[in-house]
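Asker: From the sequence below, what's the structure:
(one chain, ligands or ions: 1)
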Amino acid sequence: MCGIVGYIGHREAYPIIIKGLQRLEYRGYDSAGIALYDGTDINLAKTKGKVEDLKSLSETSISLNGSLGIGHTRWATHGVPNHVNSHPHYSNSGDLVIIHNGIIENYESIKKELTKRGYVFESDTDTEVLINLIEEVKKKEDVKLGKAVQIALNQVVGAYAIAVFDRQKPDEIVVAKLGSPLAIGIGDNEFFVASDASPFIEFTNNAVYLEDEEMAIIRLGKEIKLRKIQNDAIAYPMVQELQLNLEEIEKGGYDHFMLKEIYEQPRAIKDTFRGRLRVAEGMVKMAGVDQNIEKFMNAKRIIIVACGTSWHAGLVAEYIFENFARIPVEVEYASEFRYRNPVITRDDIIIAISQSGETADTLAAIKLAKERDAFVFGVCNVVGSTIAREAHAGAYTHAGPEIGVASTKAFTTQITVLTLLALKLAKQKGELSDSKFHELLTEMENIPAKVELALESNPLIEIIAEAYKDSNNCLYLGRGYNFPVALEGALKLKEISYIHAEGYPAAEMKHGPIALIDEQMPVIVIATNNGHYEKVVSNIQEIKSRNGRIIAVVTEGDQQVRELADHVVEVPDTIESLSPLLTTIPLQLLSYHIAVMRNCNVDQPRNLAKSVTVE
Ligand code: M6R
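Answerer: Now for the predicted structure:
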């Protein structure tokens, strides 16, 4: 879970690499490093800390000249985050230099072998082992760098996206991929390498995404050469034209990406609808579903696999699919599913939900499902991501880049796509009348405007945040469609403010959590007017009689809860099944403000990375 950037061309490599690393910090940010070739030698700087620390260090300690370079922002897997373990890593001769995102699982045995042959290792990393293996192969077999990388990679077990260059042959970068993403940006006699397209989007829209087990030799003045790592088969680079633009990946006047992304939700949800939600025609169009409609019509069961926030979106979808399409649904943590020998049949549809499209556990769950002949439908945000490519079909959420580690717009757009899918299937299966279908589609179209209204409670939420910012614990309660929203609210608070929080179905409170309630305990209750309103009101009364502090999210105009709660935040009225798209907004804002008030790093919380590409 690291970010890698490389450049070879006619510009100065340093500013491109530093800016690129800053954009990739969502992938890891415990240490960073850069290696630049200045025409004679390699200048390398690395440090524990953020890319900003690397910038200060490099600008005072090394020559920044050169139009060939590689850089890395790390999230430690082998070896603690410190200077020595940071990338790039040199080979023992000092000629080869590498950056690596991933894990080499058999590095210990390779290290032993290389040590016997006289190699010495400075760091605890698997990456330093890999670069020395490449060096050993290059010397022993007397081959060029590309071939040496290929032979070495055939000896390793694990996952990687790597970029390597050789001081003795500074007109090429060799890259390879297995399990971690790698994109090559193609400019005018210049090339960029990165974990995603954000580091090079202002220079070129043309990119090649390497497939697993592919490598490329990127040489100045030449076409890119792709080949398979396992054999010498040549692969033809598929050049894609990217739609991403620069503004989308910058903060646009907001203090944090998370806040920007919270405010982007009305737009993001509209983008998710675009071309799919056709109210006037009374239809939902989804190419990935239409092309496989038989599969969906014959599905006996849907199994949703995901992690974290995406798993919460899956739980909301469970309610929607079962309620409208009448298809049984199971929602599984991908990390559990992949290891528990689940019963999967040809008649099952696996829906894999992942913002990044790179989550290792979700990917492994897909692979398992495919081995057992199930049909896999991906719901991803990142276009061209591994999960999007591994799935048989899918639907992008079109939320735009989500940079803040805490998922916000990913959640609401995932729910949006899944709702569209459920309604489409429900209609096709004859489970929904024309009028009900029309009513639901019309209300979906109103959701972006209602999210705008929900965002207007921001100043009130800031006041509430001030009152609870020093809490040690927090409970989140909701029922039905809003139970997963309670889980999601608790996850948001935990991950960015480091306050312990738990989400529960409101009725479960009396089976245990009620014992926790006292005057110190803030309880956030989702109590919108539909669903199980009266029952939730009873739960609120139970909390009140134990002196808990109640923050209630209610439907606009609510009176009953207002009389009981300490604080009330209103969201617009909507159909129950669509309410998560609104009730989640105040919870996102609450955790955001509390984290800011506690001086936490909102966009890059400690110990976390945006995409978890290792187990
Ligand atoms: O990219 P994915 O949606 O597959 O990521 C899954 C989780 O790692 C992610 O949702 C994580 O829980 C977020 N930090 C939540 O805000």
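Asker: what's the spacing between the spatially closest residue to residue 20 that is not a sequence neighbour and residue 593?
Answerer: Excluding its sequence neighbours, the residue lying closest to residue 20 (Cβ to Cβ, 6 or more residues apart in numbering) is residue 199, at 2.6 Å. C-betas here are computed from N, CA, C, even on glycine. Distance from residue 199 to residue 593, counting by Cβ to Cβ, to the nearest Å: 31 Å.
Asker: Who has more neighbours out of the two?
Answerer: residue 199 (29 against 22; other Cβ atoms under 10 Å).
Asker: Kindly confirm my reading that the more buried one forms part of a helix.
Answerer: Yes: counting by DSSP: H, G, I helix; E, B strand; the rest coil, residue 199 is found in a helix.
Asker: tell me the contacts of the nearest residue to residue 285 once chain neighbours are set aside?
Answerer: Using Cβ to Cβ, 6+ apart and skipping the chain neighbours, the partner closest in space to residue 285 is residue 276 (5.4 Å). Counting by Cβ atoms under 8 Å, 6 or more residues apart in numbering, residue 276 touches 284-286, 395, 420.
Asker: quick one: which of those residues is nearest to residue 351?
Answerer: Closest to residue 351 out of the contacts of residue 276 is residue 395 (9.7 Å), distances taken as Cβ to Cβ.
Asker: just the helices in the stretch 101-250 of the chain please.
Answerer: Ranges of helices in the stretch 101-250 of the chain, per DSSP state H, counting those that start in this stretch, are 107-116, 126-141, 145-153.
Asker: Show the buried residues in the contacts of residue 276.
Answerer: Neighbour counting with 16 or more other Cβ atoms under 10 Å marks 284, 286, 395, 420 as buried within these.
Asker: picking up where we left off before, which of the contacts of residue 276 sits closest to the ligand?
Answerer: Nearest to the ligand out of the contacts of residue 276 is residue 395 (Cβ to the nearest ligand atom; 14.5 Å).
Asker: so the closest one sits in a helix?
Answerer: No: Residue 395 is assigned strand when assessed by three-state DSSP, not a helix.
Asker: doesn't residue 19 make contact with the residue nearest to residue 20?
Answerer: Yes: Residue 199 lies in contact with residue 19 (Cβ atoms under 8 Å); the separation is 6.9 Å.
Asker: rewinding a little: make JSON lines out of the contacts of residue 276 and add distance to residue 214 and pLDDT.
Answerer: Below are the contacts of residue 276 laid out as JSON lines (distance: Cβ to Cβ, whole Å; pLDDT from 0 to 100):
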{"residue": "284", "distance to residue 214": "36", "pLDDT": "95"}
{"residue": "285", "distance to residue 214": "33", "pLDDT": "92"}
{"residue": "286", "distance to residue 214": "30", "pLDDT": "93"}
{"residue": "395", "distance to residue 214": "26", "pLDDT": "94"}
{"residue": "420", "distance to residue 214": "34", "pLDDT": "97"}
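Asker: mind listing which of the residues you listed are in strands?
Answerer: Among the contacts of residue 276, the residues falling in strands (DSSP state E) are 284, 395.
Asker: In contact with the residue in the chain that the ligand sits nearest to, which residues are there?
Answerer: Nearest residue of the chain to the ligand: residue 308, at 2.0 Å (Cβ to the nearest ligand atom). By Cβ under 8 Å, 6+ apart, the contact list for residue 308 reads 407, 491.
Asker: Apply 10 Å and report the result again.
Answerer: Going by Cβ atoms under 10 Å, 6 or more residues apart in numbering, residue 308 touches 333-334, 353-355, 359, 361-362, 406-407, 410-411, 488, 491, 495, 608, 612.
Asker: Check the gap between it and residue 183 for me.
Answerer: From residue 308 across to residue 183, the span is 24 Å (Cβ to Cβ).
Asker: Before I go, just wanted to say thanks for your time.
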